[in-house]
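Predicted structure and sequence below. I'll ask about it afterward.
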Amino acid sequence: MSEKSVTITDACIGCGECTKACPFGSITVVDGLAVVSDDCRVCGVCVDACPVDAIKIKEFEISTLSDFKGVLVYAEQHEGKIHPVVYELLGKGRELADQLGEELYTVLIGNNIGKQGDQLISRGADRVYIYEDSSLSSFRDDPYTQILAECVQECRPSILLIGATGLGRALGPRVAARLKTGLTADCTGLEIDPETNLLLQTRPAYGGNIMATIITPNSRPQMATVRYKVMNEAKIDEKRNGVIINRSIPKSLQDRVKVLGFEPIKEEINITDADIIVAGGKGLNDANGFKLLEELAKEIGAAVGASRPTVDEGWITYRHQVGLSGKTVRPKLYIACGISGVVQHLAGMKTSDIIISINKDKEAPICSVSTITAIGDLYEVIPRLIEKIKTHKKNQ
Ligand SMILES: Cc1cc2nc3c(=O)[nH]c(=O)nc-3n(C[C@H](O)[C@H](O)[C@H](O)COP(=O)(O)OP(=O)(O)OC[C@H]3O[C@@H](n4cnc5c(N)ncnc54)[C@H](O)[C@@H]3O)c2cc1C
């Protein structure tokens with residue numbers, strides 16, 4: 001089977017005649033070059049309208065599912081620094097690739113990123129594709145989507161994994177639409193079905209009340225975004241060998257956004273990376289309860305987390321919310337104060353190393369996932385705990 005697509009060649013002079021002629025409004029001139037969008041119906045009107053014969057219609061063979069092999073991980077980076085979710089994806093990606101007996105690839109897109117290639121190999125990648133250019137220094141949907149889609153068309157992975165970060169949530173669906181494949185967002189589990197070799201993509205569904213396992217049997221790649229702090233990081237092995245492939249960026253790169261500058265958000269807390277979290281729920285009764293939690297958090301060097309109702313009530317900001325519609329955390333110690341432990345909250349913290357809950361109700365679901373439970377009123381338990389910690393520190 002074959003398909004057709006419109007290609008703009010280097011002969012383009014950016015005159016805009018094709019833009020005027022296109023009946024679907026799918027050609028724009030960007031930086032002096034015509035760029036064709038996904039709305040193109042390959043009607044061919046632009047080919048006739050072009051005065052310099054720069055537009056061609058190309059016919060290409062459509063790949064069959066068996067042409068796609070290997071696992072590709074999108075290596076998200078900010079100012080040249082790899083996002084830690086990438087190491088988690090490489091850990092899982094390596095596992096999946098080994099099970100399939102295939103290779104693990106990763107792709108880096110940005111500026112000043114070349115030196116990160118070796119690091120990705122030491123974390124398990126067999127092949128690293130690098131698209132480096134000064135025009136890619138900040139993330140924009142259009143060029144990053146175009147490049148990642150081109151990379152997929154070149155290396156034809158059967159699986160493509162992207163972190164479910166803000167950036168990944170913008171990039172993933174666009175790439176899936178361009179490649180005409182499916183995408184399972186926010187996965188918490190990935191396995192290979194030993195009988196069919198299909199990727200089993202598991203994620204919470206129906207408000208977190210069930211876990212749904214989704215497959216992509218008819219299109220490739222099988223795409224998933226994966227939550228940060230859910231998978232185990234790939235271990236570093238400096239002795240691993242791999243190949244770094246530098247690719248030049250496409251000449252006609254679509255880009256409808258101009259970045260004027262960056263205003264970094266000052267995040268005084270980042271619960272995702274905290275080793276200890278003291279989290280409060282509806283049992284606090286009001287916003288003042290968080291002052292008590294902050295006092296405890298200060299004593300033990302913890303960040304403050306929260307259940308969704310406390311955020312909805314305006315007692316604390318969304319940045320502190322743990323759970324299905326908040327952040328996923330995996331600290332060494334999670335202290336849940338006045339939190340019942342409903343499934344949507346557990347979805348964001350149940351893989352914490354140690355869970356201590358303080359609750360009046362010994363039947364609360366949080367107790368069944370806790371390492372230690374203190375049954376009692378948190379307004380009695382926490383002040384005593386703070387007192388004990390202070391005394392302990394004094395005596396040290
Ligand atoms: C689609 C969807 C997404 C959601 N996403 C999230 C999410 O991301 N995060 C989240 O947290 N929730 C989420 N929820 C809401 C979730 O279903 C629960 O409603 C919520 O987690 C309950 O919060 P809570 O434990 O603070 O309150 P409650 O369930 O009201 O529990 C309060 C607990 O405090 C205890 N308590 C009361 N007073 C005291 C006291 N003085 N001392 C000690 N213990 C006391 C009670 O025994 C009780 O166990 C979501 C729901 C849906 C439908």
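Everything's here; your move. Numbers count the residues shown, from 1 in each chain.

give the contact list for residue 160.
71-74, 152, 175, 221-224 (CB atoms under 8 Å, 6 or more residues apart in numbering). Heads up, the C-betas are built off the backbone N, CA and C, glycines and all.

For it, give the beta-bridge partners.
residue 72, residue 223 (DSSP bridges).

From residue 378, how far off is it?
45 Å (CB to CB, to the nearest Å).

ok, back up a step: which one of the contacts of residue 160 is nearest to residue 164?
Nearest to residue 164 out of the contacts of residue 160 is residue 224 (CB to CB; 8.8 Å).

Just confirm that closest one contacts residue 202, I think it does.
No. At 9.5 Å, residue 224 does not count as touching residue 202 under the criterion of CB atoms under 8 Å.

who has more neighbours, these two?
Higher neighbour count among residue 224 and residue 202: residue 224, with 28 against 16, using other CB atoms under 10 Å.

which residues touch stretch 85-94?
Applying CB under 8 Å, 6+ apart, the set of residues contacting stretch 85-94 is 71, 73-77, 104, 106, 120, 123-125, 159, 161-165, 168, 190, 226, 228-235.

quick one on the thing from earlier: dump the contacts of residue 160 into TSV; add distance to residue 215 and pLDDT as well.
Output for the contacts of residue 160, formatted as TSV (distance: CB to CB, whole Å; pLDDT from 0 to 100):
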residue	distance to residue 215	pLDDT
71	16	98
72	18	98
73	20	98
74	21	98
152	19	96
175	19	97
221	13	97
222	8	98
223	12	98
224	11	98
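
Just flag the most distant two among those residues.
71 and 175 (15.2 Å).

picking that back up, let's have the contacts of residue 160 in CSV, adding distance to the ligand.
As requested, the contacts of residue 160 are arranged in CSV below (distance: CB to the nearest ligand atom, whole Å):
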residue, distance to the ligand
71, 29
72, 30
73, 26
74, 25
152, 32
175, 26
221, 28
222, 25
223, 23
224, 20
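
Secondary structure element for residue 246, which one?
Using DSSP states H and E, residue 246 sits within strand 243-247.

what is the mean pLDDT for that strand?
On average, the pLDDT along strand 243-247 is 96.

And stretch 328-342, by the same measure?
For stretch 328-342, the per-residue pLDDT averages 97.

and it with the ligand, contact?
Yes. Stretch 328-342 is in contact with the ligand by CB under 6 Å from any ligand atom, via 338-340, 342.

okay, how far is it across that stretch, tip to tip?
Stretch 328-342 has an end-to-end distance of 15 Å (CA to CA, to the nearest Å).

cool, and stretch 305-313?
End residues of stretch 305-313 are separated by 15 Å (CA to CA).

quick one: contacts of the helix ranked longest in the chain?
Ranked by residue count and defined by DSSP state H, the top helix of the chain is helix 378-395. Outside helix 378-395, the residues within contact range by CB under 8 Å, 6+ apart are 283-284, 289, 292-293, 295-296, 299-300, 337-338, 358-360, 374.

still on that earlier bit, strand partners of the strand holding residue 246, parallel vs antiparallel please.
Partners of strand 243-247 in its sheet, by DSSP bridges: strand 127-132 (parallel).

The next helix or strand after the strand it pairs with packs against which elements?
Of the helices and strands lying after strand 127-132 in sequence (DSSP H and E), the nearest is helix 141-155. Judged by 3 or more CB pairs under 8 Å, 6 or more residues apart in numbering; DSSP states H and E, the packing partners of helix 141-155 are strand 71-74, strand 104-110, strand 127-132, helix 166-179.

distance between helix 141-155 and the chain's centre?
Its chain's average C-alpha position is 16 Å from that of helix 141-155, according to CA atoms, centre = their mean, to the nearest Å.

what's the angle between that helix and helix 166-179?
Relative orientation of helix 141-155 and helix 166-179, computed by axes from the mean of the first three to the mean of the last three CA atoms, to 10 degrees: 60 degrees.

What residues sit buried inside helix 141-155?
141-152, 155 (16 or more other CB atoms under 10 Å).

between those residues, which is nearest the ligand?
residue 141 (26.2 Å; CB to the nearest ligand atom).

Name all residues that make contact with that closest one.
Counting by CB under 8 Å, 6+ apart, residue 141 has contacts 170-171, 174, 257.

care to break the chain down by domain?
2-61, 65-247, 271-395 (automatic domain parsing).

Next, the distance between the ends of the second one.
Taking CA to CA as the measure, domain 65-247 stretches 25 Å from start to finish.

okay, how far is it across stretch 324-344, tip to tip?
5 Å.

That one: which residues count as buried?
324, 326-331, 333-344.

Stretch 356-375 too?
356-359, 364-367, 369-370, 373-374.

Also near the ligand: which of the residues you listed, exactly?
Counting by CB under 6 Å from any ligand atom, the members of these near the ligand are 358-359, 364.

For these, give me a markdown table that also has secondary structure.
Formatted as a markdown table, those follow (DSSP: H, G, I helix; E, B strand; the rest coil):
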| residue | secondary structure |
| --- | --- |
| 358 | strand |
| 359 | strand |
| 364 | coil |
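
Now render those as TSV, adding pLDDT.
Compiled in TSV, those are given as follows (pLDDT from 0 to 100):
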residue	pLDDT
358	98
359	98
364	98
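
before we move on, back to that, of the contacts of stretch 85-94, grab the buried ones for PyMOL.
Selection of buried members from these for PyMOL, criterion 16+ other CB under 10 Å:
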select buried, resi 71+73+74+75+76+77+104+106+120+123+124+125+159+161+162+163+164+165+168+190+226+228+229+230+231+233+234
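
got the buried residues for the longest helix of the chain?
378, 381-382, 385-386.

and what of stretch 96-103?
Applying 16+ other CB under 10 Å to stretch 96-103 flags 96-97, 100, 102-103 as buried.
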